[in-house]
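>>> Here is my input; please provide its structure:
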Amino acid sequence: MSAAEGYKKELENALKFFNSTISVFGEADSGYAPQPELYSVAGHVAHTADTVDWFVEGAFGSGWNMDFEAEVAKSKAVKSLAEAKERLQQAFANAAAVIGAATDQQLFEPIPDKQIMEGAPRCSIVSGVTDHTAHHRGALAVYARLLGKEPPMPYV
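Coordinates of the predicted model:
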């Protein structure tokens, strides 16, 4: 297995685990947030998708977008869980395509934009994506329980 194939598998697993956790939510849960200033269910999923794109663009594209307020606003503007899920699938598909097309040399080159993860190889964004995705998966598991739902074990 090539390095790219291994990284793509890691992304695939992160998406699988995330989708398992959010499988308990329906479209009617899209706007739920335990506090008004927090992400809604749809906003969490959209933010997760947007951050996958952010990591890919930071390491393989034009660099890190440091306008976090605009990024948060963009994610919070998503009101439909179905739309957010579609964005999530597309973000992971794009990440897998970019990683899959990269040579080992490209994967292990330092990220050009030194604002974030300075000196880290480009492939290290996969760890960032999985860590960030797990963080929001955990938050959404709490949201599910607050709604009286039980998220399934994600690793089966």
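>>> for residue 118, what are its contacts?
Applying Cβ atoms under 8 Å, 6 or more residues apart in numbering, we find residue 118 in contact with residue 111. Backbone N, C-alpha and C define where each C-beta goes, glycine included.
>>> Can you classify it by secondary structure?
Following DSSP: H, G, I helix; E, B strand; the rest coil, we place residue 118 in the coil state.
>>> got it, and residue 95?
Look at residue 95: counting by three-state DSSP, its state is helix.
>>> so how many other residues sit close to it?
23 (other Cβ atoms under 10 Å).
>>> I'd guessed it sits against residue 58; true?
No. Using Cβ atoms under 8 Å, residue 95 is not in contact with residue 58, being 11.6 Å away.
>>> ok, and the closest non-adjacent residue to the residue nearest the centre of the chain?
The centre of the chain sits closest to residue 48, judged by Cα atoms, centre = their mean, with a distance of 3.5 Å. The shortest distance from residue 48 to any residue other than its chain neighbours is 4.7 Å, reached at residue 136 (Cβ to Cβ, 6 or more residues apart in numbering).
>>> all helices for this protein, in order.
Secondary structure of the chain by DSSP state H: the helices cover 3-22, 41-60, 68-76, 81-101, 104-108, 125-146.
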